[in-house]
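K.L.:
kindly return the folded structure for what I paste below:
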Amino acid sequence: MRPLSAVDAIAPAWNHTRRLLIAPRSWRLLLKISAVAFFANVGGGSFSSPYPGRDHLPGLSPAISASLFAVLLVIGGIASLIALALFYLGSRLQFVLFEIVLRRDTTVAPIWRRYGRATWYWMGLKLAFFAIALLCIAPLLIPIILHLIHAFGSGASMEPQNFAGFFLAIFGFGLAIFAVLIVIGAGYTLLHDFGLPFMALEGTSLTETVRRVVSLVRAEPGQMFLYLVMRVLLAFAGALIFEMALFFGLLIALIPLGGLGVVLWAVLHHAGTGGHVLMIAGWVVLGIILFVLLVGAVIMALGYLHTFLQAYALYFLGGRYPLVGQYLEPLLPPPMYAYPGVPPGDYSGHYPPAQPAEAPPSPAQEPDSNPEPDSNT
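P.N.:
Next comes the predicted model:
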């Protein structure tokens, strides 16, 4: 597969996504793959947990404050467990989505079972990335935060010159946070789009995965920057289009459901208490139907978008990573260890051993057409 630029990879990625999700004309298949893509991106990123920042609340007794603090700790612990579960679920589904888009294999369960151990390495790599990113930006952000805290706590008068300096400090802090988020987001996007395929197909170690991603960036920094820009633009444009489609779809769904609600009101609002109960129960059922339709539409719309972005990443990487390119444009059979029946590598930096090729059978000895006469004859 020839290397594609960040712009040239858009069209084949869109066609690939359409063939995968739309061409089968199965809404169940569309919903299943879209759900995989949706939860892979919802739960596959970072997580956070609430942290109460004071010993007691003002105006409350110590006992009540301690009780509220304990309740907050319990809620924070439950939220942390849920976030960890979603983080694991999303990380594992990222492997599933990768294989579905790469090989167009829609059997989720076998792919899910194959990447149990790989998920922990992938989670560790992402956590290490975010931890290193926080350590790198701490020397920049801590002095700014301390300066803002000192400005708030000093109680300085808001004279014009002080107000202007305070506003500039806030504005600079906002710009610094925005720049940091852009850098971290770009790094995570490169790690997800280009690092995960190495771990999935070859079982590369954490350091080897990072080294290969860095090598790709160093080899083509201009194309990598253009890829990041195009990916952001495609995600923004796709989200905007799907939001408009959801809005008009919601309006269309409201026509029959709203009509049924009006019919219920017209028939039952004079029917006494029993009629009112039936009317409210009918409205609740219609509301549940509308909510289910809305959730399904959101999952399918965002799932389609994330599936397309995954295909876009693979088509951009395919010409630069032959194992991916052989699946997208199969001219030769893929490597044996990338087949679905064979598990990934041992994730220790050792690749699966290559199978030695069998030597071709030697041709049979042909009789000499002009044999030399025997000296004894």
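K.L.:
next, the buried residues of stretch 71-85.
P.N.:
Within stretch 71-85, no residue qualifies as buried by neighbour count (16 or more other CB atoms under 10 Å). C-betas here are computed from N, CA, C, even on glycine.
K.L.:
mean confidence score for it?
P.N.:
Stretch 71-85 comes out with an average pLDDT of 85.
K.L.:
all helices for the chain, in order.
P.N.:
Counting by DSSP state H, one finds helices in the chain at the ranges 10-21, 27-42, 62-103, 108-114, 116-154, 160-190, 196-202, 206-219, 221-268, 272-318, 322-328.
K.L.:
by mean pLDDT, show me the worst of those helices.
P.N.:
Among the helices of the chain, helix 160-190 scores lowest, with a mean of 76.
K.L.:
and that helix, how far from the chain's centre?
P.N.:
Its chain's C-alpha centre and that of helix 160-190 lie 26 Å apart, by CA atoms, centre = their mean, to the nearest Å.
K.L.:
stretch 258-267 too?
P.N.:
Relative to the chain's own centre, stretch 258-267 is displaced by 42 Å; criterion: CA atoms, centre = their mean.
K.L.:
what lies in contact with it?
P.N.:
Residues from elsewhere that reach stretch 258-267 (CB atoms under 8 Å, 6 or more residues apart in numbering): G275, L278, M279, G282, W283, L286.
K.L.:
what's the most buried one of the helices of the chain?
P.N.:
Compared across these, helix 196-202 shows the largest average neighbour count, a mean of 23 (mean count of other CB atoms under 10 Å).
K.L.:
helices or strands up against it?
P.N.:
Applying 3 or more CB pairs under 8 Å, 6 or more residues apart in numbering; DSSP states H and E, one finds that helix 196-202 contacts helix 62-103, helix 116-154, helix 206-219, helix 322-328.
K.L.:
if you set the cut-off to 7 Å instead, what comes out?
P.N.:
Where contact means 3 or more CB pairs under 7 Å, 6 or more residues apart in numbering; DSSP states H and E, helix 196-202 is packed against helix 62-103, helix 116-154, helix 206-219.
K.L.:
dump the shortest one to PDB, restricted to CA.
P.N.:
Right, the one you point to is helix 206-219. The C-alpha trace of helix 206-219 is given here as PDB (Å, rounded to 0.1, in the frame of the first residue of the first chain):
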ATOM      1  CA  LEU A 206       5.700   0.000  26.100                       C
ATOM      2  CA  THR A 207       9.000   1.600  25.200                       C
ATOM      3  CA  GLU A 208       9.100   0.000  21.800                       C
ATOM      4  CA  THR A 209       5.600   1.300  21.100                       C
ATOM      5  CA  VAL A 210       6.600   4.900  22.000                       C
ATOM      6  CA  ARG A 211       9.800   4.600  20.000                       C
ATOM      7  CA  ARG A 212       8.000   3.700  16.900                       C
ATOM      8  CA  VAL A 213       5.500   6.500  17.300                       C
ATOM      9  CA  VAL A 214       8.300   9.000  17.800                       C
ATOM     10  CA  SER A 215      10.100   7.500  14.700                       C
ATOM     11  CA  LEU A 216       7.000   8.100  12.600                       C
ATOM     12  CA  VAL A 217       6.700  11.700  13.800                       C
ATOM     13  CA  ARG A 218      10.400  12.300  13.100                       C
ATOM     14  CA  ALA A 219      10.200  10.800   9.600                       C
END
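K.L.:
quick one: that helix to helix 160-190, angle?
P.N.:
Per axes from the mean of the first three to the mean of the last three CA atoms, to 10 degrees, the angle that helix 206-219 makes with helix 160-190 is 110 degrees.
K.L.:
how far away from the center of its chain is helix 206-219?
P.N.:
With CA atoms, centre = their mean as the basis, helix 206-219 stands 20 Å off its chain's centre.
K.L.:
what does it contact?
P.N.:
Contacts to helix 206-219, defined as CB atoms under 7 Å, 6 or more residues apart in numbering, come from residues 121, 124-125, 190-191, 194-195, 198-199, 204, 224, 320, 349.
K.L.:
closest one of those residues to M244?
P.N.:
Comparing those against M244 with CB to CB places L190 closest, at 30.0 Å.
K.L.:
which residue is the nearest non-sequential neighbour of that closest one?
P.N.:
Leaving aside its sequence neighbours, L190 sits nearest to V213 (CB to CB, 6 or more residues apart in numbering; 5.7 Å).
K.L.:
same check, this time on I289
P.N.:
Closest residue to I289 apart from its sequence neighbours, by CB to CB, 6+ apart: L257 at 6.5 Å.
K.L.:
ok, the one you found touching L286?
P.N.:
Yes - in terms of CB atoms under 7 Å, L257 counts as a neighbour of L286; the distance is 5.0 Å.
K.L.:
can you lay out the helices and strands packed on helix 196-202 as JSON lines showing distance to G238?
P.N.:
Shown next, in JSON lines, are these (distance: least, CB to CB, whole Å):
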{"stretch": "helix 62-103", "distance to G238": "15"}
{"stretch": "helix 116-154", "distance to G238": "24"}
{"stretch": "helix 206-219", "distance to G238": "24"}
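K.L.:
and A313, which of those is closest to it?
P.N.:
Between the helices and strands packed on helix 196-202, helix 62-103 lies closest to A313; by CB to CB that is 8.9 Å.
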